[in-house]
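Undergrad: Sequence first, predicted model second:
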Amino acid sequence: MKYPENIQAVAALQPDFMGFIFYPKSPRYAEPLDLYTLNRLLASIKKIGVFVNEELEKILAVVFKYRLDGVQLHGAENVEICKKLKDAGLIVLKAFPIAEAYNFNVTGNYEGTCDYFLFDTKTDAYGGSGQKFDWTILNEYKGETPFLLSGGIAADDAEAILKIKHSKFAGIDLNSKFEVNPGMKNVELLEEFIASLNSIKEEIL
């Protein structure tokens, strides 16, 4: 997210988290953000800064500047930096690129240092590919840390998402398939998707 009016519109849908990318090479690079808008609109929504291979001091400076609640680390960040950020009182999400089941092996080193893992499609870039990986691979994840699912989730995936029964499945990350332009969400499409999720849930129950 990066545009004030769009932030306001998406905030009205009450997501748990809202992400702001602080990776300068990304077309979704968020700075400069309107601090007043953020804190006025997102009082009940956790503000998450997304970083890629950034120095700890820079991450903490951005966290302080925008009063972020947490960080999502999308690069090759080590266990120590995750631990230091968690010790600083932040919600810590660590992204892992997934292509095969063995990609889950590395997550074991991060147990206890992150609040959530984020499983994204493995690509040559850092996220934002808009591509799915084989979600049946999730059954091979044996860790204790809850995870979020990312990578190419689209408006017609509601039924498939609700079929994921993994005990550590905590939520989904919606991005490129719900964008009009980088950093600009299609609010109507998000509303339709949420309504579809709720409708299918009611049918199941």
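TA: Alright, I've got the coordinates.
Undergrad: Grab the nearest non-local neighbour of the spatially most central residue of the chain.
TA: Centroid check for the chain by C-alpha atoms, centre = their mean gives Asp173 as the closest residue, at 4.6 Å. Spatial nearest neighbour of Asp173, chain neighbours left out: Ser150 (3.8 Å); criterion: C-beta to C-beta, 6 or more residues apart in numbering. Glycine gets a C-beta too; all of them are placed from N, C-alpha and C.
Undergrad: That neighbour and Lys122 touch, don't they?
TA: No - the pair Ser150 / Lys122 is not scored as a contact, 11.5 Å apart, by C-beta atoms under 8 Å.
Undergrad: Who has more neighbours out of the two?
TA: Ser150 (27 against 15; other C-beta atoms under 10 Å).
Undergrad: Who are the contact partners of that one?
TA: 95, 118-121, 127, 172-173, 175 (C-beta atoms under 8 Å, 6 or more residues apart in numbering).
Undergrad: what's the single longest helix in the chain?
TA: helix 187-204 (DSSP state H).
Undergrad: then it to PDB, C-alphas only?
TA: Output of helix 187-204 as PDB, limited to C-alpha atoms (Å, rounded to 0.1, in the frame of the first residue of the first chain):
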ATOM      1  CA  VAL A 187     -11.100  -2.500  -3.500                       C
ATOM      2  CA  GLU A 188     -14.200  -3.900  -5.200                       C
ATOM      3  CA  LEU A 189     -12.300  -7.100  -6.100                       C
ATOM      4  CA  LEU A 190     -11.100  -7.400  -2.500                       C
ATOM      5  CA  GLU A 191     -14.700  -6.900  -1.200                       C
ATOM      6  CA  GLU A 192     -16.000  -9.600  -3.600                       C
ATOM      7  CA  PHE A 193     -13.200 -12.000  -2.600                       C
ATOM      8  CA  ILE A 194     -14.000 -11.600   1.100                       C
ATOM      9  CA  ALA A 195     -17.700 -12.000   0.500                       C
ATOM     10  CA  SER A 196     -16.900 -15.200  -1.400                       C
ATOM     11  CA  LEU A 197     -14.800 -16.600   1.400                       C
ATOM     12  CA  ASN A 198     -17.500 -15.800   4.000                       C
ATOM     13  CA  SER A 199     -20.200 -17.400   1.800                       C
ATOM     14  CA  ILE A 200     -18.300 -20.600   1.300                       C
ATOM     15  CA  LYS A 201     -17.500 -20.700   5.000                       C
ATOM     16  CA  GLU A 202     -21.200 -20.500   5.800                       C
ATOM     17  CA  GLU A 203     -22.000 -23.300   3.400                       C
ATOM     18  CA  ILE A 204     -19.300 -25.500   5.000                       C
END
